[in-house]
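> got a structure for you, letters missing:
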């Protein structure tokens, strides 16, 4: 596919906005890279770098023009494709009304290759089965995806092990690789929508040096993974490790706080909350993010099926890395490392898997 | 005596009474803050008032109606011999009894007396401690009479209070999850303050309900809503120590509004005995 | 995920805490079902729970039996004739009756587990020539918690099915057997190697019954069990009903015991 060079992202952002997209990109706020609506390239976190280790995230600012010199932020695309809360129905007397929220047209600028892989997982979960989710489809189809290939993997990244990065190969409308000296972006279109947007910008064809530099960025990134997982045979051996003493060991450290599942870009579990209005008796059903670490999650006839911490941790890890294959034909993990960084006590799935093996 | 959670509360209040359900609000040892949450409801209070007869609520009316009551909201802990008798009366005249706030559900900040000698305190504070009739301990309502539902918080959350009242009127289980604050924190879009800033936070061991108010303003959770359903304070304490908390700080952070809620009591006592620090060394 | 409005056409209290409802769509046709499938029943403002389908009535509607154990089931049990509730489905796998053709049939139920088995027995009574000897064994906590007593009597007296009921806690009027449902396997006649079994009840009852059937020589692949797990959506999306690799709502609730056995053997799976 033809590659081009952009000296600035300003025209791209302007073009996307003119097409009716709200552009959501990385900004530095409160010491963390967050995905928020931006109006200009000036909003991007120039010079920001992150340091990610189990249970620790720190952001610092450096000289230079680079705007994407960090790894995955706590925000994946999940928040946009599967909102934390959504009202499903309202019922008044005998009438049941389906609530259809309008899907916002969003351009996600700077989402990472692991997050594209996570979107592919979500697509399989929400659209690939016997009961496709129309609300997810609406939100998904309203997205324009501008991925940025990773240059500096975080200390908790293991996308190479999971085969999802650090360079995006599919699932994007546009893919950028950021280059320094001079600061520029090599850009490729991955869809007709991407070709169309790119065609509206004035760009130059990428020269061999640009392409070689971009390849070098991805090559070096691939060599600097913070973590790794040996996935060989994992679908078979992990479920069989159900009696390992390691489960009670990790449970002694695990808070059952749900942070890993909340930040995971593929964890899709939800629960329903029902309510009635005091004033007019309208009944409402809300779907919200849930987690297999709560006791209510497996409640059956008054008590949880998975009452112990080891039972709940085992469910999460085994589902993510093994039974997900049985259910969806793919791994539930994309190697983004968020569950490791954002675990308040720094439990490291790669370490747990290595010990369980 | 325990708490009759969930199932016992699900029978409709309305269906079991003639006409409008009658609501009563009672106060024991407390600061009134939780009862005032009901007055804070303002707009929604009108809806509540349309659905129930607020028959006994001294904060709002000087003309209390006689019992029995369909739903009693009880604030405060039991700290005096007179309280002990009065709560039995409240239970007798109430079809459903819901305790509201950390005092009523866990003994409150006044339960700090449990860690010392109340007679010694009285001797220090009062010129004539002989006039003071007080119990050795501050106990939650559920330690004294059966309770149909406990609503946590110091103070309680307005949304949750309305939810509990609505649920009782509709005959359903209140949507008051017992999971950690972290669930609400992440749904709200906060980044973890422990991970991002190294700020000690009790959110992972604390029950949700506040909407992750403090972490939304970059502060650690203070544990106002008491222990969550499966707290692992020992694991959290190790991390809190790694973030620089000293033993006295750890003890203090658990001994606030829910000091004698059992998991928090154990957390502060094991921190105090430094068993954890030794074990982990 | 939007329930369709269904009207309660009739309501029959079965036992103190159990009610059988017949439900018909407020508008449109009622989708057909396979015995063993369930629907998600919605009590407005209270919640939604999976309930097995126990029968069909013409021109189109479901018979469903509910025991009041939680807020939602209690709310559904308190509904009256003419009330409108929400319904989604039917969902999940059903009993494979064709696999039982020509074989002896053992229907084993624990408590409310008889509800999803009722249409199986009705099929046996409707087409007795298609099957071998048919037996129904039922275990319940007390005589008062045995559901469908009239059906049990009719199946026994009118259709020649061997119906045996046992209880854990007899009352003074009880003259039948006392103890586990597995003990009833001694009282019925079936040729294990030519038998198909349908089993439904709590996990422990399913395990005990299936183990005993297999021990006597019934093929685990001819032992169908109906599993129960927490369900919020019924369509494989909420994640709650997972049992190892299975979504019980999609891959179950009916599975054969060769599939269920290794999963039920793992604690807290």
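Perfect, thanks for sending it. This is a predicted model, so every value here is computed, not measured.
> Where does the record place the domain boundaries for the chain?
Using chain A. As recorded under automatic domain parsing, the domains making up chain A are A:3-222, A:234-356.
> ah, no, chain C please
C:4-91, C:97-264.
> The longest one and chain A, are they touching?
Yes. On the criterion CB under 8 Å from any CB of the partner chain, domain C:97-264 is in touch with chain A at C:202, C:228-230, C:232-233, C:235-240, C:242, C:244-245, C:247, C:250. All C-beta spots, glycine's among them, are computed from the backbone N, C-alpha and C.
> With the first one instead?
Yes. Looking at domain C:4-91 against chain A by CB under 8 Å from any CB, the contacts come from C:4-5, C:26, C:42, C:44-48, C:69-70, C:84, C:86.
> does any part of that domain sit near chain B?
Yes. Domain C:4-91 comes into contact with chain B (CB under 8 Å from any CB), by way of C:43, C:45, C:46, C:47, C:69, C:70, C:71, C:72, C:74, C:75, C:78.
> Tell me which two in those residues are the farthest apart.
Pairwise distances across the residues of domain C:4-91 next to chain B peak at 18.8 Å for C:45 and C:69 (criterion: CB to CB).
> neighbour count winner among the two?
Per other CB atoms under 10 Å in any protein chain shown, whichever of residue C:45 and residue C:69 has more neighbours is residue C:45, with 21 against 16.
> quick one, helices of the chain?
Answering for chain A, as no chain was given. All helices of chain A, identified by DSSP state H, fall at A:10-18, A:78-81, A:113-127, A:134-141, A:159-162, A:192-199, A:208-222, A:234-240, A:246-253, A:259-263, A:309-318, A:324-328, A:338-341, A:349-356.
> Not quite, go with chain C.
So, for chain C - with DSSP H - the helices run C:71-77, C:118-126, C:149-159, C:203-215, C:248-251, C:257-264.
> Pull the residues that contact the last one.
This means helix C:257-264. C:199, C:203, C:206-207, C:210, C:213-214, C:220-221, C:223-225, C:227, C:243-244, C:246, C:269 (CB atoms under 8 Å, 6 or more residues apart in numbering or on different chains).
> That one: which residues count as buried?
Neighbour-count burial for helix C:257-264 flags C:257, C:259, C:260, C:261, C:263, C:264 (criterion: 16 or more other CB atoms under 10 Å in any protein chain shown).
> any chance of the residues you listed in CSV, plus pLDDT?
Listed next are these as CSV, based on pLDDT from 0 to 100:
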residue, pLDDT
C:257, 98
C:259, 97
C:260, 97
C:261, 96
C:263, 96
C:264, 95
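> if we can go back for a sec, what's the most buried one of the domains of chain A?
Of all the domains of chain A, domain A:234-356 carries the top mean neighbour count, a mean of 21, counting by mean count of other CB atoms under 10 Å in any protein chain shown.
> Just give me the residue closest to the centre of chain B.
Most central in chain B under CA atoms, centre = their mean is residue B:102, positioned 2.4 Å from the mean C-alpha point.
> mind listing what it touches?
Taking CB under 8 Å, 6+ apart as the test, what residue B:102 contacts is B:108, B:109, B:152, B:153, B:154, B:224, B:225, B:226, B:257, B:258.
> Does the fifth one touch residue B:105 like I think?
No. With contact defined as CB atoms under 8 Å, residue B:154 and residue B:105 do not form a contacting pair (9.5 Å).
> can you give me the strands in the stretch 51-200 of chain A?
A:56-61, A:85-92, A:95-98, A:106-111, A:143-148, A:174-179, A:184-189 (DSSP state E, counting those that start in this stretch).
> Now render those as TSV, adding distance to chain B and mean pLDDT.
Formatted as TSV, those follow (distance: least, CB to the nearest CB, whole Å; pLDDT from 0 to 100):
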stretch	distance to chain B	mean pLDDT
strand A:56-61	5	97
strand A:85-92	7	92
strand A:95-98	17	88
strand A:106-111	15	98
strand A:143-148	18	98
strand A:174-179	23	98
strand A:184-189	27	97
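> okay, these in a markdown table with distance to residue B:246 next?
Formatted as a markdown table, these follow (distance: least, CB to CB, whole Å):
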| stretch | distance to residue B:246 |
| --- | --- |
| strand A:56-61 | 20 |
| strand A:85-92 | 39 |
| strand A:95-98 | 55 |
| strand A:106-111 | 41 |
| strand A:143-148 | 43 |
| strand A:174-179 | 44 |
| strand A:184-189 | 49 |
